[in-house]
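J.: generate coordinates for the sequence data below:
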Amino acid sequence: MAFLFRRWRHKLFFNVIVRFVVGLLFIYFYCEYLIYYVTQVQCEWPALKKEYAQDVTPVYAMVLADTHLLGSRNGHWFDKWRREWQMHRAFQTAMTLHGPEAVFVLGDLFDEGKWCPEKEFNEYVDRFHKLFRVPEGTAMYTVVGNHDIGFHYRITPHLAYRFESKLSAPPVRLVTIKDNHFVLINSMAMEGDGCSLCSRAINEIERIEDILKCSSGSTLCKGNVVLKKYSRPIIMQHYPLYRESDSICTEPDAAPLPDRNSLFEERWDCLSRESTEYLVERLRPRSAFGGHTHHSCVVRHSFVPTADHKIEFTEYTVPSFSWRNRLDPKYYLLTITPEEVRVSKCGLPRECTLQATAVVMLLALLIYLRVYYNRTKNYNQKHLFGKKV
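T.: Okay, the predicted model is just below:
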């Protein structure tokens, strides 16, 4: 009988250990994989307000900003690994759940792009493509940010060229998807001081302006390049357009107070007033997207260049996609037709939510094991000895 009792105790102990290990593996799997699905499955593509003919198919695009991949200078290696793993899981989950046709990344891909030597920059680019890998059929477009090549005053031709060549990101680029036109702009090239980078950007903007005029049937058209179908473009860049501060931002994930009321410095926190007016008057956008502040903001602009002409559009500042920059990273899903731009903001799990979930699940596991042990022990003692001992 004593032998059977010892054998039963060993078996019970083994069963408890097995359940504990399996429980830990499930907690890890849930907190490192499943929680991204649980969070993002709640976010859907925004619905269009109008009904369209069958030949009009919307573009489904994803917009994120400020990934700030760490280099060799800032941050601990564990923090670097942890944040990159989180962004990779979140992004790949979004690709699986939503399957966008296009992904726009609005600058500051790298945290130390303006400092790193050539070899490190190439490794940066490879890491970015591995972490933010898109499936076949999805196009990715990147816009340069100040952390990628530096603010205007410290950009060298080499820094600008290597980002442009490695990530296909010229100072200004016109992208057309299903008759929807996107103008991708290097914000630091909008300084307006006549530098070579700025001159390239201005020349391209004026060329795109003429293409849009020709496509709209304007009598002011000078060239002969015409788009298949005209629609007002969508601006994609790193900086927000000019605004005095974030005090006009009312979203729950806007900049916290009192920082929200801090005045912006032109060409540092946002585009200058002159560059903003220039872009709006030249391109007449129907919407604009930027990043840089790491916080959310929705601004409804109304420009009146002349007494009989008004340009109205909505600008969205996209929160950072990195847990290093905010506790609740976000990204946008866009449903776009030549007449509509519909926006949904998607949240990722908070760091505290991940930690609290792991603690609660661990406590639940320990309680379950305690109950299982006591019940199994009492049941087997009754059968071995005919009574409880």
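
J.: show me where the chain has its strands.
T.: 59-64, 102-106, 139-143, 172-177, 180-185, 234-237, 287-290, 297-306, 309-317, 330-336, 341-347 (DSSP state E).

J.: can you add mean pLDDT and mean neighbour count and give those back as CSV?
T.: In this view, the C-beta of every residue, glycine as well, is placed from N, C-alpha and C. CSV is the format used below for the strands of the chain (pLDDT from 0 to 100; neighbours: other CB atoms under 10 Å):
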stretch, mean pLDDT, mean neighbour count
strand 59-64, 98, 23
strand 102-106, 98, 24
strand 139-143, 98, 19
strand 172-177, 97, 17
strand 180-185, 98, 24
strand 234-237, 98, 25
strand 287-290, 98, 25
strand 297-306, 90, 13
strand 309-317, 94, 17
strand 330-336, 97, 22
strand 341-347, 96, 18
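
J.: tabulate these (CSV), appending distance to Glu244.
T.: Below are the strands of the chain laid out as CSV (distance: least, CB to CB, whole Å):
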stretch, distance to Glu244
strand 59-64, 24
strand 102-106, 21
strand 139-143, 24
strand 172-177, 26
strand 180-185, 21
strand 234-237, 19
strand 287-290, 16
strand 297-306, 11
strand 309-317, 14
strand 330-336, 24
strand 341-347, 23
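
J.: looking at those, which is nearest to Asp253?
T.: Checking the strands of the chain against Asp253 by CB to CB gives strand 330-336 as the closest, at 6.4 Å.

J.: mind listing what the closest one pairs with, with the direction of each?
T.: Partner strands and pairing direction for strand 330-336 (DSSP bridges) are strand 59-64 (antiparallel), strand 341-347 (antiparallel).

J.: ok, Gly290 to Phe313 distance?
T.: Note on Gly290: its distance to Phe313, by CB to CB, to the nearest Å, is 13 Å.

J.: check Arg260 too.
T.: From Arg260 to Phe313 the distance is 23 Å (CB to CB).

J.: same question, Phe289
T.: Where Phe313 is concerned, Phe289 sits at a distance of 11 Å (CB to CB).

J.: quickly list what the closest residue to Ile248 other than its chain neighbours is bridged to.
T.: Nearest non-adjacent residue to Ile248, counting by CB to CB, 6 or more residues apart in numbering: Val299, 6.4 Å away. Beta-bridge partners for Val299, by DSSP bridges, are Glu315.

J.: quick one: stretch 305-318 to chain centroid distance?
T.: Offset of stretch 305-318 from its chain centre (CA atoms, centre = their mean, to the nearest Å): 25 Å.

J.: burial measure for Lys229, as a count.
T.: 13 (other CB atoms under 10 Å).

J.: residue contacts, the closest residue to it other than its chain neighbours?
T.: Leaving aside its sequence neighbours, Lys229 sits nearest to Asp179 (CB to CB, 6+ apart; 4.1 Å). Neighbouring residues of Asp179 by CB atoms under 8 Å, 6 or more residues apart in numbering: 227-229, 231, 338.

J.: pLDDT of stretch 203-214, averaged?
T.: Averaged over stretch 203-214, pLDDT sits at 96.

J.: hmm, who's touching that stretch?
T.: For stretch 203-214, contacts defined as CB under 8 Å, 6+ apart pick out 170-174, 181, 183, 185, 220-227, 230, 233, 278-279, 282-284.

J.: same check on stretch 22-37?
T.: Under the criterion CB under 8 Å, 6+ apart, residues 85, 89-90, 93, 97, 348-349, 353-354, 357-358, 361-362, 365, 368-369 lie in contact with stretch 22-37.

J.: what residues sit buried inside that stretch?
T.: Using 16 or more other CB atoms under 10 Å as the test for burial, stretch 22-37 gives 23, 27, 30-31, 35-36.

J.: before we move on, the earlier item: of all the strands paired with strand 330-336, which one is nearest Arg19?
T.: Checking the strands paired with strand 330-336 against Arg19 by CB to CB gives strand 341-347 as the closest, at 33.6 Å.

J.: what residue is smack in the middle of this protein?
T.: Among the residues of the chain, Leu64 comes closest to the average C-alpha position under CA atoms, centre = their mean, at 2.2 Å.

J.: ok, the residue nearest to Ile248 touching Arg243?
T.: Yes - with contact defined as CB atoms under 8 Å, Val299 reaches Arg243; the gap is 6.2 Å.

J.: what's the spacing between the longest helix seen in the chain and its chain's center?
T.: Identified as the longest helix of the chain according to DSSP state H is helix 351-385. Relative to the centre of its chain, helix 351-385 is centred 39 Å away, using CA atoms, centre = their mean.

J.: what helices and strands are in contact with it?
T.: Where contact means 3 or more CB pairs under 8 Å, 6 or more residues apart in numbering; DSSP states H and E, helix 351-385 is packed against helix 2-29, helix 35-40.
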